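Peer 1: Just the structure for this:
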Amino acid sequence: MADTTASFSPSCVERLKSYVNTPKGFTLAAEILVSFIIIICYASSWCGGFTTVPISEMTFSTIFFIIFMMDLDKQFLGVNWVWTDMFRAVVGAVLYIITSLVNLIGGSKDGACMAGAVLGLFAGLIFAYDTYTIYLQIQSTRQHPAAPTDGKV
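Peer 2: Numbering: from 1, shown residues only. Predicted coordinates for the structure are as follows:
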């Protein structure tokens, strides 16, 4: 006989709306959106070879957005998701800042490439902020209780 009591499971759209309202969800959504805009800027300019960084970072941010939104990080315990996300954010910040500085200092050929470079610096800051928030999360979970000081040495 089938179970007639249905357990409430939120739909994917409801999970998306609620996750974007969290600080981590908002940061990941901003990373995805800015990376997409940078892809458009670089693809429409003469320096289209720089699209590799925003494409890969947008892909990784989207994957982590879906994993955290669907709570898959709590189901697959073989991966340390916090440290993996930290690695993703550090690599994204470093790559965005390096490629943007190369474009800005090297004197880009057109306006779309310059816009992509400026937005790349902004994306580097977003990824650096994400790195900092993950670092704070790691530090809060590693807090050890203070040793008792009852006067005995």
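Peer 1: quick one: buried residues of the top helix by length along the chain?
Peer 2: In terms of residue count, the longest helix belonging to the chain (DSSP state H) is helix 111-141. Neighbour-count burial for helix 111-141, counted by 16 or more other CB atoms under 10 Å, picks out 112-117, 119-124, 126-128, 130-131, 133-134. For every residue, glycine as well, the C-beta is placed using N, CA and C.
Peer 1: Then stretch 71-90?
Peer 2: For stretch 71-90, burial by neighbour count (16+ other CB under 10 Å) applies to 73, 85, 86, 88, 89, 90.
Peer 1: Secondary structure element for the fifth one, which one?
Peer 2: Element membership of residue 89 [criterion: DSSP states H and E] is helix 81-105.
Peer 1: Contacts for that helix next, please.
Peer 2: Under the criterion CB atoms under 8 Å, 6 or more residues apart in numbering, residues 31, 47, 50, 53-54, 57, 60-61, 64, 67-68, 73, 113-114, 116-118, 120-121, 123-125, 127-128, 130-131, 134-135, 137-138, 141 lie in contact with helix 81-105.
Peer 1: quick one: the worst-scoring helix or strand of the chain on mean pLDDT to chain centroid distance?
Peer 2: Within the chain, confidence by mean pLDDT, DSSP states H and E is lowest for helix 12-20 among all helices and strands, at a mean of 85. Distance of helix 12-20 from its chain centroid, counting by CA atoms, centre = their mean, to the nearest Å, is 17 Å.
Peer 1: Show the secondary-structure elements that the next helix or strand after it is packed against.
Peer 2: Once helix 12-20 ends, the next helix or strand along the chain (criterion: DSSP H and E) is helix 23-43. Under the contact criterion of 3 or more CB pairs under 8 Å, 6 or more residues apart in numbering; DSSP states H and E, helix 23-43 touches helix 12-20, helix 52-69, helix 111-141.
Peer 1: can you rerun that using 6 Å?
Peer 2: Under the contact criterion of 3 or more CB pairs under 6 Å, 6 or more residues apart in numbering; DSSP states H and E, helix 23-43 touches helix 52-69, helix 111-141.
Peer 1: the inter-axis angle of it versus helix 111-141?
Peer 2: Per axes from the mean of the first three to the mean of the last three CA atoms, to 10 degrees, the angle that helix 23-43 makes with helix 111-141 is 160 degrees.
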